[in-house]
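**Q** Quick one, fold the following:
(2 chains)
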Amino acid sequence: MTTLSPGDFLLIEAPRITRSTLALYAGASGDHNPVHIDTDACAAVGIPDVFAHGMLSMAYLGRLLTDWVPQGRIRSYGVRFSAITPVNATPVCRGTVTRVEDGLAHLDLTVSLPDGTATLQGSAVVTATDWPTQ
Amino acid sequence: MPIDPALIGTRTPEHSVQAERGRLRFFARAIGQTDTVYTDLEAAKTAGHRDLPVPPTFLFCLDMDNPDRGRFLDDLGIDVRTILHGGQEFTYHAQAYAGDTLTFVTEVEDVYAKKGGALEFIVRDTHVTRDGEPIATLTGTLVVRDPKAAK
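**A** Alright, predicted model coming up:
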């Protein structure tokens, strides 16, 4: 059982996002937008190269959450996509418990690139212990 | 071309899709998931699940299976290559599992512009249910870049 307290922190490093990663994620997710898999289609509208699905990074952050607590404890989870993740990037996911109130832990979440660029900024609310508050 | 605010409140026809074990395993592989609860039925059952759990963001992917999903942008005359995903939220009500047939219905909540119309935003809520029981609510923000307005 994991009990969350303010200041608790978790980090996971995603693997390098290769073109193969993007092809696999496009197939598995059903998101076939060519900007993620087709350099020719990108060039035709002036985009220099394919870039990663924002939802792939959100899935990595989701892994951080379920590595931390059983999925049933997640009440809500949201992100803003603040920068594009280029192909061959290696994102790092971080989560911090900012406060615990009424049995619910509030988490700040970020995904960033090695150069410091924040690509996703978000938050989640999870039950602070394995015992549901409802 | 500005997006008509009359879009607010419009709903797309509902669609239903089954969460399949094989697809969930494929998704786990694509995101580097190594927790066997998401890929191995025995591990899932040992952890108290009745089947493979649908992971936190996969409901968004199931909504992609809407056979009519390209129509929303087509009807607005928006090229899929000019859109960006601005934000995504999930509020969870109950756990969904492989084998569940889930129903999705999406409603436009808000439409607004920034940077003199160079960026337009469409906010949509998607309600996911299983036999009428609420499973989750997804809120997605779509950013439409107008290449002409940017110049």
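**Q** Mind telling me what element the nearest residue to B:I78 once chain neighbours are set aside is part of?
**A** Nearest residue to B:I78, sequence neighbours excluded (Cβ to Cβ, 6 or more residues apart in numbering or on different chains): B:V144, at 5.6 Å. Quick note: C-beta positions are derived from backbone N, CA and C, even for glycine. Using DSSP states H and E, B:V144 sits within strand B:133-145.
**Q** count of residues packed around residue 103?
**A** Using chain A. Neighbours of A:G103 under the rule other Cβ atoms under 10 Å in any protein chain shown: 12.
**Q** hm, I was asking about chain B
**A** 15.
**Q** Model confidence score at the closest residue to it other than its chain neighbours, please.
**A** Nearest in space to B:T103, with sequence neighbours left out and distances taken as Cβ to Cβ, 6+ apart, is B:S16 at 4.6 Å. Note on B:S16: pLDDT of 97.
**Q** now the helix or strand of chain A with the lowest mean pLDDT: how far from the chain's centre is it?
**A** Least confident element among the helices and strands of chain A, by mean pLDDT, DSSP states H and E: helix A:39-44 (a mean of 94). Centroid displacement of helix A:39-44 relative to its chain, using Cα atoms, centre = their mean, to the nearest Å, is 26 Å.
**Q** now do stretch B:14-27
**A** 13 Å.
**Q** Just list the residues touching B:F27, thanks.
**A** Contact analysis of B:F27 by Cβ atoms under 8 Å, 6 or more residues apart in numbering or on different chains lists A:A28, A:S29, A:A59, B:Q33, B:P55, B:F58, B:C61.
**Q** Most neighbours of all those residues, which one?
**A** Most surrounded of the contacts of B:F27: other Cβ under 10 Å gives A:A59, at 26 neighbours.
**Q** surely that one meets B:I31?
**A** Yes - using Cβ atoms under 8 Å, A:A59 is in contact with B:I31, at 4.2 Å.
**Q** Common neighbours of those two, please.
**A** A:Y25, B:P55.
**Q** and whatever helix or strand A:L65 lives in, C-alpha only, in PDB?
**A** Per DSSP H and E: A:L65 is located in helix A:54-68. Output in PDB follows, covering the C-alpha atoms of helix A:54-68 (Å, rounded to 0.1, in the frame of the first residue of the first chain):
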ATOM      1  CA  GLY A  54       1.200  14.600 -27.400                       C
ATOM      2  CA  MET A  55      -0.900  11.700 -26.200                       C
ATOM      3  CA  LEU A  56       2.200   9.500 -26.200                       C
ATOM      4  CA  SER A  57       3.800  11.700 -23.600                       C
ATOM      5  CA  MET A  58       0.500  11.700 -21.700                       C
ATOM      6  CA  ALA A  59       0.600   7.900 -21.800                       C
ATOM      7  CA  TYR A  60       4.100   8.000 -20.300                       C
ATOM      8  CA  LEU A  61       2.900  10.200 -17.500                       C
ATOM      9  CA  GLY A  62      -0.100   7.800 -17.000                       C
ATOM     10  CA  ARG A  63       2.500   5.100 -16.500                       C
ATOM     11  CA  LEU A  64       4.200   7.200 -13.900                       C
ATOM     12  CA  LEU A  65       0.800   7.400 -12.100                       C
ATOM     13  CA  THR A  66       0.000   3.700 -12.300                       C
ATOM     14  CA  ASP A  67       3.600   2.800 -11.200                       C
ATOM     15  CA  TRP A  68       2.900   4.900  -8.200                       C
END
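**Q** how about A:I84, secondary structure?
**A** coil (DSSP: H, G, I helix; E, B strand; the rest coil).
**Q** tell me the contacts of the nearest residue to it once chain neighbours are set aside?
**A** Distances taken as Cβ to Cβ, 6+ apart place A:F51 nearest to A:I84, at 4.7 Å, with adjacent residues excluded. Contact analysis of A:F51 by Cβ under 8 Å, 6+ apart lists A:V35, A:H36, A:I84, A:T85, A:P86, A:V87.
**Q** Identify the bridge partners of A:F51.
**A** A:P86 (DSSP bridges).
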